[in-house]
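A.B. asks: My questions are about this predicted structure, shown below with the sequence.
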Amino acid sequence: QVQLVESGGGLVQAGGSLRLSCVVSGRTSSRYFMGWFRQTPGKERKFVAAINWSGRNIYYTNSEKGRFTISRDNAKNTVYLQMNSLKPEDTAVYYCAAGTDIVGSSLRPDYWGQGTQVTVSS
């Protein structure tokens, strides 16, 4: 089992920045990709970004590329999502995820965190 705990969400004005963190514990290994998804009410959860163990392979959706940056610190067992130039449409619950497969440039999660709310005001 892998446990994921997110933090760093909150309320920010449009144009601002937030950094989300996800602490990973349990039976982790270098096989796991780590990633972020987001979800708004009534919509399905959507992939945002993923990173492999070494940090060499990174995946983004086109809409977030350039504004969001995923990174990881394996010594701290933590994955980050730096979000800049935030827009009201970025408002969502953001979920950390872990999985062993990338399918169609998107992470296929095996484990989820509990989510952290990000609200961007206009």
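C.D. replies: Now that the structure is in, tell me what you want to look at.
A.B. asks: Which positions in stretch 27-44 come out as buried?
C.D. replies: By 16 or more other Cβ atoms under 10 Å, the buried positions in stretch 27-44 come out as 28, 32-38. Just so you know, the C-beta spots here come from the backbone N, C-alpha and C atoms, and that holds for glycine as well.
A.B. asks: what residues does the helix or strand bottoming out on mean pLDDT in the chain touch?
C.D. replies: Least confident helix or strand of the chain, by mean pLDDT, DSSP states H and E, is strand 101-103 with a mean of 92. Residues outside strand 101-103 that contact it (Cβ atoms under 8 Å, 6 or more residues apart in numbering): 33, 50, 57, 59, 107-108.
A.B. asks: Geometric centre of the protein: which residue is closest?
C.D. replies: residue 36 (2.2 Å; Cα atoms, centre = their mean).
A.B. asks: which of the contacts of strand 101-103 are the two that sit furthest away from each other?
C.D. replies: Within those, 57 and 108 form the most distant pair, 14.5 Å apart (Cβ to Cβ).
A.B. asks: Please identify which of those two sits among more neighbours.
C.D. replies: Neighbour count, other Cβ atoms under 10 Å: between residue 57 and residue 108, residue 108 has more, with 15 against 11.
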